Every structure is written in structure tokens, then in C-alpha cells.
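what's the 3D shape of this:
(one chain, ligands or ions: 1)
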Amino acid sequence: MSGIYDLMRTVLTESLLAAPMFGWGVGYFQPDPADGTVASMSYVAYTFFGGWQRRRRDGTPRRSGDDNYDDDGTLREDSIFFPVGKLLTRTDNALTKTIIHELAHFVGPGGPKNGNRIDDYTNAHKNNF
Ligand SMILES: [Zn+2]
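Just a heads-up that it's a prediction; the model follows:
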């Protein structure tokens, strides 16, 4: 837990340094390319398991198609995507909860097939929570 928390803080620090200079679209926090579509109404953010540190053999960031994620395959896995319009309607507490949730997936170990990935096994809205 401590190691995951430290990695989350590193991502936040790096993002806070880049955001004021470059704004959205640079760094790990990216605007969702599907923002405004019907599909984007079903989530508040998304990212990739271990996306922060996983790379292709040539050292470049993995793309969503490399791991058969359910999109057009072009998204950089070293990103957390937010539908910005919806994001701005959320309370500060909900926004913080969303960011921490996505960061756990993002900095956690391995990719989508790794048994140690930080996955959504349940949530407070499900009976098995
Ligand atoms: Zn999740």
C-alpha cells in the first residue's frame, strides 16, 4: 500500500508540474477523446492497468491496441482519460475519489493479464461489496 501511495504521489507531482505550463493534453491527465458522446456518459474516467510504467520493447508507451483494450487501439496507456465536461460538474470530493481510484489502476503492477493488477473487483453500489 505504501509503495502504491508513493507512486500515486509521484504521478500527481509530475502532473502538477506540467499542468500549469501546458494544460490539458500534456502529461498523464488527458481529455477523453470520446467526451460528449453517448458512450462517455457511462464513466467518469478511465485508464490502463499499470499504464504508467509499461512500455513497448522500443521503450515507447504502450497503445491500447497492444493489450486488446475495447477502443480503437490508439490510446496511449500512459494516460488517465477524463470526459472534461462531466468532470467539471462533480464535487471536489467526487473528483478526488475519481483521481485516486484511477491512479491505483494506473500505477499498480502489471498489465490487464497480471494477477496482481489493481482491478475493480466490486464497488459500493454492488451487493457483494
Ligand atoms: Zn476502476
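
show me where this protein has helices.
With helices called from DSSP state H, the chain shows them at 2-22, 84-87, 92-107.

now for those helices, which one comes closest to residue 55?
helix 92-107 (14.1 Å; CB to CB). For glycine as for every other residue, the C-beta is placed from the backbone atoms N, C-alpha and C.

now could you export just the CA positions of the closest one as CSV?
Taking C-alpha atoms only, helix 92-107 is exported to CSV below (Å, rounded to 0.1, in the frame of the first residue of the first chain):
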residue,chain,number,x,y,z
ASP,A,92,-14.3,18.3,-5.2
ASN,A,93,-14.7,15.1,-3.1
ALA,A,94,-16.0,13.1,-6.0
LEU,A,95,-13.2,14.4,-8.2
THR,A,96,-10.6,13.4,-5.6
LYS,A,97,-12.2,10.0,-5.3
THR,A,98,-12.1,9.5,-9.0
ILE,A,99,-8.5,10.6,-9.4
ILE,A,100,-7.3,8.3,-6.5
HIS,A,101,-9.3,5.4,-8.0
GLU,A,102,-7.8,5.8,-11.4
LEU,A,103,-4.3,6.4,-10.1
ALA,A,104,-4.5,3.0,-8.3
HIS,A,105,-5.1,1.2,-11.6
PHE,A,106,-2.5,3.4,-13.4
VAL,A,107,0.5,2.8,-11.0
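
Which elements pack onto it?
helix 2-22, strand 80-82 (3 or more CB pairs under 8 Å, 6 or more residues apart in numbering; DSSP states H and E).

hang on, residue 86 packs against residue 40?
Yes - counting by CB atoms under 8 Å, residue 86 touches residue 40, with 7.1 Å between them.

More neighbours: the two, which one.
Higher neighbour count among residue 86 and residue 40: residue 40, with 19 against 16, using other CB atoms under 10 Å.
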